[in-house]
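return atomic coordinates for the entry below.
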Amino acid sequence: MVFALVALAVCALLVGVHRWLWIRLVRDTTAPGGVPRRVGTALTIALPLLSVAALTAGRAGAPFWLQQTVSWPGYLWLAVLLYLTLTMLVAEPIRALLLRRLAHRDPSGAVAGPPAEPSAHSAGTPESGTATATASSSASAGAGAGAGVEPGAVLAADGAGRGAAAAAPGGGLSRRTFVARTVGGAAAAVALGTVGNGAYGVLRGPSVKRVQVPLAKLPRAAHGFRIAVVSDVHLGPVLGRAHAQRIVDTVNRTQPDLIAIVGDLVDGSVPDLGPAAEPLRGLTARHGSFFVTGNHEYFSGAEQWVEHVRELGLTPLENARRALPYFDLAGVNDIQGEREGSGPDFRAALGDRDRTRAAVLLAHQPVVIHDAVRHGVDLQLSGHTHGGQLWPGNFLAELANPTVAGLERYGDTQLYVSRGAGAWGPPVRVGAPSDITVVELASYQA
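You can find the predicted model right below:
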């Protein structure tokens, strides 16, 4: 019941936002019955429907080709919608100020430009001068300021009771239409530019971030041990095999001692995404590559992916531990697994270990840090948050996670949270660039 009410409220909000954007960007800027208005209205209906299809196609069991078809436009529109709404909210007071200023400059609504030159046949007589002035006034009303205005153009007032896109006498733009096009065009340019830059950042692949983490129990021989942390790749209908290959190439260039994939590798089933994950066979590290589940693995079947990554040469840590030469490496299942009876089990992973040795824990969600502290973990490596992915999403992520990105200390345990190497939903990041983190362990004894 609560979920239904929340869903209804979200739908109502989205409908209201789309209607408001249609008013500001379509109705206020176009003439009734014209092609631009028809196109704008059609897009206002089609794009949100594609977004709904992108969000639901996978879980509804739609063919993978159909998921790919609707995901690109549907997810991208969600990102554009976010920043278009934000920029238009900022633009509202600017729009009101511009209208007020134009009205103040000329209460009649007309802003005249330079007078038109008299025609040859009318020059030289008082009568012709009067005719020229009349003609100049009529001709000048036919052009809008700021968009190829000819000498003698006039920007006309709206007129009470007329539509926002009503033309001025003589075929010119109304003052309201001129302001709507100027402000709306600028807001759309900012939103599209933001999304375009954010998409480019995702599609070119993650950057490498390096962090040194000192561990009190780490022996001197392990000083400088490098762990490549990869999280939140989200292979799916949008990010596929090429993205996986970019990540593998980037990781291998860092020459890590160990590779840790800390969940949310995929958004889909093995039959659909097995080929996309194939490049993971190429991961190379002296002490191997390890994997723990994230919440998204459980949406499509975690067991199938655990078996598949094992076939690809990765070692799944399902509430398990490996004793490496210099420290213990443990991994726990994601919290989402509790719904299937296979959630995180810290006792199984860490309960009987030698606490004089350093312990590094792989756990997808940062929220389990308090369990890690109780079990004497020295360093927890996590992902899940995406660093917020789309600003201002980082503020929402802070409400649900103890750490959104970076390194923080909780008692004797340090927590490092990666922003992730991919993106969920829109293949766009704003204010939270993707990364692969090379965590370099440091010994106090060095």
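
which sections of the protein are below the confidence cut-off?
Applying pLDDT under 70 to the chain picks out residues 106-172, 446.

which other helices and strands does the longest helix along the chain contact?
Using DSSP state H to define each element, the chain has its longest helix at helix 64-105. Here helix 64-105 touches helix 2-22, helix 35-56, helix 175-203, going by 3 or more CB pairs under 8 Å, 6 or more residues apart in numbering; DSSP states H and E. C-beta coordinates here come from the backbone N, C-alpha and C atoms, glycine included.

check the offset of that helix from the chain's centre.
15 Å (CA atoms, centre = their mean, to the nearest Å).

tell me where the stretch 251-400 of the chain has helices.
Along the stretch 251-400 of the chain, counting by DSSP state H, counting those that start in this stretch, helices occupy 270-277, 295-300, 302-311, 346-350, 369-374, 393-400.

JSON lines for those, including distance to residue 3 and mean neighbour count?
Formatted as JSON lines, the helices of the stretch 251-400 of the chain follow (distance: least, CB to CB, whole Å; neighbours: other CB atoms under 10 Å):
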{"stretch": "helix 270-277", "distance to residue 3": "27", "mean neighbour count": "18"}
{"stretch": "helix 295-300", "distance to residue 3": "16", "mean neighbour count": "20"}
{"stretch": "helix 302-311", "distance to residue 3": "23", "mean neighbour count": "17"}
{"stretch": "helix 346-350", "distance to residue 3": "30", "mean neighbour count": "19"}
{"stretch": "helix 369-374", "distance to residue 3": "28", "mean neighbour count": "18"}
{"stretch": "helix 393-400", "distance to residue 3": "17", "mean neighbour count": "14"}
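
so which of those is nearest residue 88?
Of all the helices of the stretch 251-400 of the chain, helix 393-400 sits nearest to residue 88, with 18.6 Å by CB to CB.

and that closest one with helix 64-105, angle?
For helix 393-400 against helix 64-105, the angle by axes from the mean of the first three to the mean of the last three CA atoms, to 10 degrees is 110 degrees.

in the helix or strand just after helix 393-400, what counts as buried?
Going down the chain from helix 393-400, the next helix or strand is strand 406-410, by DSSP states H and E. Buried residues in strand 406-410, counted by 16 or more other CB atoms under 10 Å: residue 410.

got TSV for the helices of the stretch 251-400 of the chain, with distance to residue 5 too?
Output for the helices of the stretch 251-400 of the chain, formatted as TSV (distance: least, CB to CB, whole Å):
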stretch	distance to residue 5
helix 270-277	33
helix 295-300	23
helix 302-311	30
helix 346-350	36
helix 369-374	32
helix 393-400	20
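
and the gap between residue 445 and residue 212?
According to CB to CB, to the nearest Å, residue 445 stands 15 Å off from residue 212.

how about residue 322?
Residue 322 is 23 Å from residue 212, where distance means CB to CB.

these two: which has the busier surroundings?
More neighbours surround residue 322 than the other of residue 322 and residue 212, with 15 against 11 (other CB atoms under 10 Å).

hmm, that one is touching residue 328, no?
Yes: assessed by CB atoms under 8 Å, residue 322 is found in contact with residue 328 at 7.3 Å.

tell me how many other residues crowd residue 86.
By other CB under 10 Å, the residues close to residue 86 number 16.

and among the helices and strands packed on helix 64-105, the most buried is which?
helix 175-203 (a mean of 19; mean count of other CB atoms under 10 Å).

show me what it is packed up against.
By 3+ CB pairs under 8 Å, 6+ apart, helix 175-203 packs against helix 64-105.

A helix includes residue 414, no?
No: using DSSP: H, G, I helix; E, B strand; the rest coil, the assignment for residue 414 is strand, not a helix.

excluding chain neighbours, what is closest to it?
residue 379 (5.0 Å; CB to CB, 6 or more residues apart in numbering).

show me what the one you found is bridged to.
Beta bridges link residue 379 to residue 360, residue 414, judged by DSSP bridges.

pretty sure it sits against residue 413.
Yes: assessed by CB under 8 Å, residue 379 is found in contact with residue 413 at 7.2 Å.

which secondary structure state does residue 439 sit in?
Classification of residue 439 using three-state DSSP returns strand.

now for it, how many residues are close by?
25.

so who does the closest residue to it other than its chain neighbours touch?
In space, and not counting its chain neighbours, residue 439 is closest to residue 227: 4.6 Å by CB to CB, 6+ apart. Going by CB atoms under 8 Å, 6 or more residues apart in numbering, residue 227 touches 256-260, 360, 381, 438-441.

so how far is the helix or strand hosting residue 227 from its chain's centroid?
According to DSSP H and E, residue 227 maps onto strand 226-230. The chain centre lies 24 Å from the centre of strand 226-230; the measure is CA atoms, centre = their mean.

span of stretch 345-358 from start to end?
19 Å (CA to CA, to the nearest Å).

mind checking how far residue 256 is from residue 103?
Taking CB to CB, one finds residue 256 at 65 Å from residue 103.

out of the two, which sits in the busier spot?
residue 256 (25 against 14).

hang on, that one packs against residue 285?
Yes: the criterion here is CB under 8 Å, and residue 256 meets it with residue 285 at 4.9 Å.

overlap in contacts, those two.
Joint contacts of residue 256 and residue 285 (CB under 8 Å, 6+ apart) are residue 228.

return the distance of residue 79 relative to residue 198.
In terms of CB to CB, residue 79 sits 7 Å off from residue 198.

go on, residue 435?
Counting by CB to CB, the gap from residue 435 to residue 198 is 15 Å.

and the residue lying closest to residue 281 once chain neighbours are set aside, how close does it get to residue 403?
Spatially, and ignoring its direct neighbours in sequence, residue 281 is nearest to residue 312 (5.1 Å; CB to CB, 6+ apart). Using CB to CB, we find residue 312 at a distance of 30 Å from residue 403.
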